[in-house]
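Participant: Could you look at this predicted model? Sequence included:
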Amino acid sequence: MATLARKLRLHDYFALAFGTMIGTGWLVLMDDWLGRGGPLGAVLGYTIGGIILLPVGYVYGQWVRRLPDAAGEAAYTAQVFPPIVSYFTGWMMLLAYFIVCPWEAVALGKLAAYIFPSLNTLELYRIGDQPVFLPRVALGVVLTIFLGMLNYRGIRLSANFQKMMTSAVLLCFLVIVFLSATRGARANFHPLFSTTPLVSILLTLQIVPYFMTGFESAPKYAEESNPGFPERNYMWAIALALGIGAFFYAMCIAAVSYAAPWHSLLGKRFATAIALESALKVHWPVTMIFTMALLGLFQCFNGNFAASTRLLFAFGRRGTIHTSFGSVHERFQTPHIAVLGITTGSLAGLFLGDALLVPVTEVGSMASALGWFAACVSFLLVEKGAAKRFVAVLGVSISLLLISMKVLPAFPGHFSMEEWIALGVWIGLGMLLRTRN
């Protein structure tokens, strides 16, 4: 029986995990972030989010050493819970990764249309009040098929592509921070919060799980590590992705807020680019920012695409969905049927257009936190050491808080009816696929 190719090293794991987190949100949704928390509230939200997720990252690092399985959370929960719990834990985590794929395909059209307004022609239909344009859809289709082919032909190709995109994104990020620091003003930060400090931070913390999802994707490739890969490097990859990811988001928010008065950016498309152009009085930084955004889009799409395929592959191999998804290509040593499945699903989601963006952020955020919660609870139940159990308790508490902030009406920014419906549709699809098996 063919097995997955074993070719990944530490740099590959970091690039796949970091790239899964960092896409285009820092450009497309910057005005939303500032509206939620204000400059300091949003910075603190991401900083605190990165810190409090460290126990969760530690638990994942321990799990992958004990159980290097592409099923991730589904495999961990299977150690202590009934199969139905294991299946739906993995299914919710699949949502967190998969839903990003059409999100990024749609975002490609938005970015391209900003540069080339002529793409906003040939309206196909509307979803709500959001039009869906043929040229923008066509761009998303091309990118989706390209990444599908890349992942179909091998993890080495996918990882090399990811490393190139990640290196370029980080280089552009350093340039943006430097430009803001030299041309901005502290007065642009005021007021520091959008509302009271606590509410501002909480409103940002609610979306942190969605934008930080990815650090825990490293274990999904545990079966593809290079022979002789040190087990401790899984923990290093997770910690680096988590720490650098949180720093990236916090510094982007700070750079934008320092470059231009943040209140003037609310409701503006691509507020990050507008802020830098306003501070420098020239247009070339906008071109650089959009180039960085495209690179980030590519790496985020590819990272989430690859993680989704590994989970879908693991479901098929475990027999919880049709076993064909668990097959491995004899030549390329990739989960080729799972790759085709995620490609097809991404293409279908792409046709939902701009109406997909904000609701996806909210539902994906809760799905991520639910997966983290299940992984930490499972580790708590199997671990005997007091110190590690304490870390697991912290992970459980943090994850539960993040879930509560989305589902309990007592918290501002909780799920809307549309988001509950989206979640229900995903759970229903999971039940349908499992019943058919």
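Facilitator: It's in.

Participant: Low-confidence regions, the protein specifically.
Facilitator: 1-2, 354-362, 412-413, 435-437 (pLDDT under 70).

Participant: where along it do the strands fall?
Facilitator: 123-127, 130-133 (DSSP state E).

Participant: To R318, which of those lies closest?
Facilitator: Nearest to R318, of all these, is strand 123-127, at 35.2 Å by C-beta to C-beta. From N, CA and C alone the C-beta is placed, and that goes for glycine too.

Participant: Give me the sheet partners of the closest one and which way each runs.
Facilitator: strand 130-133 (antiparallel) (DSSP bridges).

Participant: Contacts for the strand it pairs with next, please.
Facilitator: In this structure, residues lying in contact with strand 130-133 by C-beta atoms under 8 Å, 6 or more residues apart in numbering are 109, 113, 119-126, 351, 353-355.

Participant: what's near enough to touch the closest residue to A168 other than its chain neighbours?
Facilitator: With C-beta to C-beta, 6 or more residues apart in numbering as the criterion, A168 has its nearest non-adjacent residue at 4.9 Å, and that residue is L295. Counting by C-beta under 8 Å, 6+ apart, L295 touches 165, 168-169, 172.

Participant: which one of the strands of the chain is the most hemmed in?
Facilitator: strand 130-133 (a mean of 17; mean count of other C-beta atoms under 10 Å).

Participant: Format the CA atom coordinates belonging to that one as PDB.
Facilitator: Provided in PDB are the C-alpha atoms of strand 130-133 (Å, rounded to 0.1, in the frame of the first residue of the first chain):
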ATOM      1  CA  GLN A 130     -23.200  41.800  -2.900                       C
ATOM      2  CA  PRO A 131     -22.600  41.400  -6.700                       C
ATOM      3  CA  VAL A 132     -20.600  38.400  -8.100                       C
ATOM      4  CA  PHE A 133     -18.600  39.400 -11.200                       C
END
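
Participant: how far is that strand from where the chain is centred?
Facilitator: Distance of strand 130-133 from its chain centroid, counting by C-alpha atoms, centre = their mean, to the nearest Å, is 24 Å.

Participant: Over to stretch 27-44?
Facilitator: 17 Å.

Participant: got the residue ranges for the helices in the stretch 251-400 of the chain?
Facilitator: Secondary structure of the stretch 251-400 of the chain by DSSP state H, counting those that start in this stretch: the helices cover 271-280, 284-318, 336-350, 357-382, 386-407.

Participant: Over to the stretch 101-250 of the chain?
Facilitator: Going by DSSP H, counting those that start in this stretch, the stretch 101-250 of the chain shows helices at 134-152, 155-183, 197-205, 208-212, 232-259.

Participant: got JSON lines for these, with distance to T344 and mean neighbour count too?
Facilitator: Formatted as JSON lines, the helices of the stretch 101-250 of the chain follow (distance: least, C-beta to C-beta, whole Å; neighbours: other C-beta atoms under 10 Å):
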{"stretch": "helix 134-152", "distance to T344": "9", "mean neighbour count": "19"}
{"stretch": "helix 155-183", "distance to T344": "18", "mean neighbour count": "18"}
{"stretch": "helix 197-205", "distance to T344": "34", "mean neighbour count": "21"}
{"stretch": "helix 208-212", "distance to T344": "23", "mean neighbour count": "26"}
{"stretch": "helix 232-259", "distance to T344": "28", "mean neighbour count": "22"}
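
Participant: could I get these as a markdown table with distance to F332?
Facilitator: Formatted as a markdown table, these follow (distance: least, C-beta to C-beta, whole Å):
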| stretch | distance to F332 |
| --- | --- |
| helix 134-152 | 7 |
| helix 155-183 | 9 |
| helix 197-205 | 41 |
| helix 208-212 | 31 |
| helix 232-259 | 24 |
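
Participant: Among those helices, which comes closest to G303?
Facilitator: Nearest of the helices of the stretch 101-250 of the chain (C-beta to C-beta): helix 155-183, 6.3 Å.

Participant: what's that closest one packed up against?
Facilitator: helix 10-21, helix 134-152, helix 232-259, helix 271-280, helix 284-318 (3 or more C-beta pairs under 8 Å, 6 or more residues apart in numbering; DSSP states H and E).

Participant: ok and it relative to helix 10-21, angle-wise?
Facilitator: 60 degrees (axes from the mean of the first three to the mean of the last three C-alpha atoms, to 10 degrees).
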